[in-house]
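> dropping a prediction and its sequence here:
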Amino acid sequence: MNFKRKDLLGIQDLSKEEILFILETTKSFREVLDRPIKKVPTLRGRTVVNLFFEVSTRTRMSFELAEKRLSADVLNFSSANSSLVKGETLLDTAKNILAMKVDCFVLRHPVPGTPHLLAKKLPIPIINAGDGAHEHPTQALSDIYTIQERKKRIEGLKIAIIGDITHSRVARSNIWGLSKLGAQVRVCGPPTLIPPLMEEMGVEVFYLPEDALRGVDIVMMLRIQKERQNEGLLPSISEYIDFFSLTEDRLKLAREDVLVMHPGPVNRGVELPARIADGKRSVILDQVVNGVAVRMAVLYLLLAKR
Amino acid sequence: MAKLAKLMDKEEIRRALSRLSHQILEKDKEVKDLVIVGIQRRGVPLAERISGMIEKMEGKKLDTGTLDITLYRDDLTQIAHQPIVRNTHIPFPIDNKRIVLVDDVLYTGRTVRAAIDVLIDFGRPRKIELAVLVDRGHRELPIRADFVGKNIPTASEEMVEVKLEEVDGRDEVLLLRRN
């Protein structure tokens, strides 16, 4: 198949075939990362701009590494020291950078839909690196790739996503992607952190991990942000730990070959104890390395043509 | 695409590969350092066949790899759709090895240029040689094959199509005309 899209904005509007094609392409880039020289000349002469309007370490470094491994030139922009503080709009900033002849924007922005706006207004590929609580497509693709690498399939797997579902773009992108590939996704968390209408996304809702974990192949823990406590959505972090932390006892309810995932950054001792995060069922670091390969694949598919 | 002629059948392909295998062996008596690498896509089964023939003659299994040149192509800014990236698998060190690259058709030489660049990123082989089933001429780079199954002079509007059992379900080499 040909990947004909101009942009990668989310998983929701991708077809099953497109997702599978990106995963298949990722396999070839994953191999590049094991070579003695982990760099290929594919995007020589192309310039990619990382436009980050939110703090990010992992995603920004992962994109930057993916771009450099493909021999693209990289410009990094972070909102803190930009002319946005002088009152320029996002679109003007982007158009001004574009006037300097760049080939692609990777955008992280706190407002949902911002990458879609840029995609509509600009003629070059836009990659969504996280828009508010909406989507984070490359993270979901690397999670799905990691599951497929270990389990050799997605279809029929039972997958529990546990934590703050409401504020999680990773959860949304994963639910769309995993469901399209035939997995049975369930979410679990305090009622205050589960958005309404989850069932309409084809997802089962649980409020206790003891119920959600029964027989699952994959458990995906989401980061709990301490700020949620101040917003009145959590009584306290220690109560959250009591009810939702992934203990050994709770993990025993899952299948014996369960994989433990976390998109990072991990609050050790909150979402899960260090022993499990570093244990043999954890694939947290696989998610990180596969993230670079997925981003290389996406950059390749959007940029390696006329 | 109009078919002009059948250039090789199954038996002719087998004999050509057998001769290539003998020539590869004769040129450098020592097989200790010999490595065979097939270029995706139809170079891969050809490399496996040559490797198998040499194994039969010498009683030694050779390291055999596959290589995809897509990420090293020189025309990625000129084509309308990105090509499919196939798998590269060279799970052994190539430093100081004698590598025989294998492809089905040698034409412009651009694929071979890219393949050499890929190999150099994996290590520093002692020597790289090239074996092809068909050399059809029209080189655009200063590249030549060390071992050739069959030389077939062609016109540039013609195409040489190699079909192999492992990929296409049958062995044959056809001469076609682009419409």
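Happy to help now that I have it.
> buried set for stretch A:276-284?
A:276-277, A:282-284 (16 or more other Cβ atoms under 10 Å in any protein chain shown). All C-beta atoms are positioned from the backbone trio N, CA, C, and that covers glycine.
> check those residues against chain B and report the nearest one.
Taking Cβ to the nearest Cβ as the measure, chain B sits nearest to residue A:283 out of those, at 22.1 Å.
> picking that back up, now the two most distant members of the buried residues of stretch A:276-284.
Largest separation among these by Cβ to Cβ: A:276 and A:283, giving 11.7 Å.
> ok so, going back, in TSV, list the buried residues of stretch A:276-284 along with distance to residue A:303.
Output for the buried residues of stretch A:276-284, formatted as TSV (distance: Cβ to Cβ, whole Å):
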residue	distance to residue A:303
A:276	39
A:277	35
A:282	33
A:283	29
A:284	29
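> where's residue A:187, which helix or strand?
When secondary structure is defined by DSSP states H and E, residue A:187 falls within strand A:184-188.
> quick one: strands adjacent to that strand?
Using DSSP bridges, strand A:184-188 pairs in its sheet with strand A:158-162 (parallel), strand A:204-206 (parallel).
> still on that earlier bit, mind checking which of the buried residues of stretch A:276-284 land in helices?
A:276-277, A:284 (DSSP state H).
> I'd like the residues you listed as a markdown table, with pLDDT and distance to chain B appended.
A markdown table is the format used below for those (pLDDT from 0 to 100; distance: Cβ to the nearest Cβ, whole Å):
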| residue | pLDDT | distance to chain B |
| --- | --- | --- |
| A:276 | 96 | 32 |
| A:277 | 96 | 31 |
| A:284 | 97 | 26 |
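> looking at those residues, which is nearest residue B:46?
For these, the residue nearest residue B:46 by Cβ to Cβ is residue A:284; the value is 42.1 Å.
> and the residue nearest to residue A:94 when sequence neighbours are not counted, how far is that from chain B?
Among residues not flanking residue A:94 along the chain, residue A:118 sits closest, at 5.7 Å (Cβ to Cβ, 6 or more residues apart in numbering or on different chains). Separation of residue A:118 from chain B (Cβ to the nearest Cβ, to the nearest Å): 22 Å.
> ok, residue A:118 - contacts?
The contact partners of residue A:118, taken as Cβ atoms under 8 Å, 6 or more residues apart in numbering or on different chains, are A:90-91, A:94, A:105, A:107, A:126.
> now do the closest residue to residue A:272 other than its chain neighbours, the pLDDT please.
Counting by Cβ to Cβ, 6+ apart, residue A:246 is the residue found nearest to residue A:272 once chain neighbours are left out, at 4.0 Å. On the pLDDT scale, residue A:246 is placed at 97.
> do the same with residue A:85
Among the per-residue scores, residue A:85 holds a pLDDT of 62.
> near residue 87, how many other residues are there?
Went with chain A since none was named. A count of nearby residues for residue A:87, using other Cβ atoms under 10 Å in any protein chain shown, gives 7.
> wait, chain B
Around residue B:87 there are 13 other residues, counting by other Cβ under 10 Å.
> before we move on, what about residue B:170?
The number of residues packed near residue B:170 is 10, by other Cβ under 10 Å.
> who's in contact with the residue nearest to it when sequence neighbours are not counted?
Nearest residue to residue B:170, sequence neighbours excluded (Cβ to Cβ, 6+ apart): residue B:163, at 5.6 Å. If you count contacts by Cβ under 8 Å, 6+ apart, residue B:163 has them with B:169-174.
> out of these, which are buried?
B:171-174.
> buried residues of the lengthiest helix in chain B, list them for me.
For chain B, the helix with the greatest residue count under DSSP H is helix B:10-27. Residues of helix B:10-27 classed as buried: B:12-13, B:16-18, B:20-21, B:24-25 (neighbour count, 16+ other Cβ under 10 Å).
> helix or strand for residue A:297, which one?
With elements taken from DSSP H and E, the one containing residue A:297 is helix A:284-303.
> which ones are touching residue B:20?
B:50, B:131, B:147, B:149.
> any idea how far the third one lies from chain A?
From residue B:147 over to chain A the distance is 27 Å, taken as Cβ to the nearest Cβ.
> show the contacting residues for that residue.
B:20, B:23-24, B:100, B:129-132.
> mind redoing it with 6 Å?
B:20, B:23, B:131 (Cβ atoms under 6 Å, 6 or more residues apart in numbering or on different chains).
> let me have those in CSV, extended by distance to residue A:44 and pLDDT.
Formatted as CSV, the contacts of residue B:147 follow (distance: Cβ to Cβ, whole Å; pLDDT from 0 to 100):
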residue, distance to residue A:44, pLDDT
B:20, 35, 98
B:23, 37, 97
B:131, 29, 98
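> between these, which is nearest residue A:36?
Comparing those against residue A:36 with Cβ to Cβ places residue B:131 closest, at 24.9 Å.
> close to chain B: what parts of chain A are there?
For chain A, the residues in contact with chain B (Cβ under 6 Å from any Cβ of the partner chain) are A:2, A:25, A:28, A:31, A:37, A:40-42, A:301, A:304-306.
> just the buried ones from the residues you listed?
A:25, A:28, A:31, A:40-42, A:301, A:304-305.
> counting only helices, which of those residues make the cut?
Among those, the ones falling in helices (DSSP H) are A:25, A:28, A:31, A:301.
> and the nearest residue to the third one once chain neighbours are set aside, what does it touch?
I take that to be residue A:31. Residue nearest to residue A:31 in three dimensions, not counting chain neighbours: residue B:88, with 5.7 Å by Cβ to Cβ, 6+ apart. By Cβ under 6 Å, 6+ apart, residue B:88 lies in contact with A:31, B:67-68.
> got the contact list for the residue of the stretch 51-200 of chain A found nearest chain B?
As assessed by Cβ to the nearest Cβ, chain B sits closest to residue A:70 within the stretch 51-200 of chain A, at 7.9 Å. By Cβ under 6 Å, 6+ apart, the residues touching residue A:70 are A:42-43, A:296, A:299.
> and the spatially most central residue of chain B, what helix or strand is that in?
By Cα atoms, centre = their mean, chain B has its centre lying nearest to residue B:103, at 1.1 Å. Per DSSP H and E, residue B:103 falls inside strand B:98-106.
> helices and strands around that strand, which ones?
Judged by 3 or more Cβ pairs under 6 Å, 6 or more residues apart in numbering or on different chains; DSSP states H and E, strand B:98-106 is in contact with strand B:34-39, helix B:43-58, strand B:127-135.
> pairing partners for that strand, with directions?
Strand pairing for strand B:98-106, determined by DSSP bridges: strand B:34-39 (parallel), strand B:127-135 (parallel).
> which element follows the last one toward the C-terminus?
Of the helices and strands lying after strand B:127-135 in sequence (DSSP H and E), the nearest is strand B:147-151.
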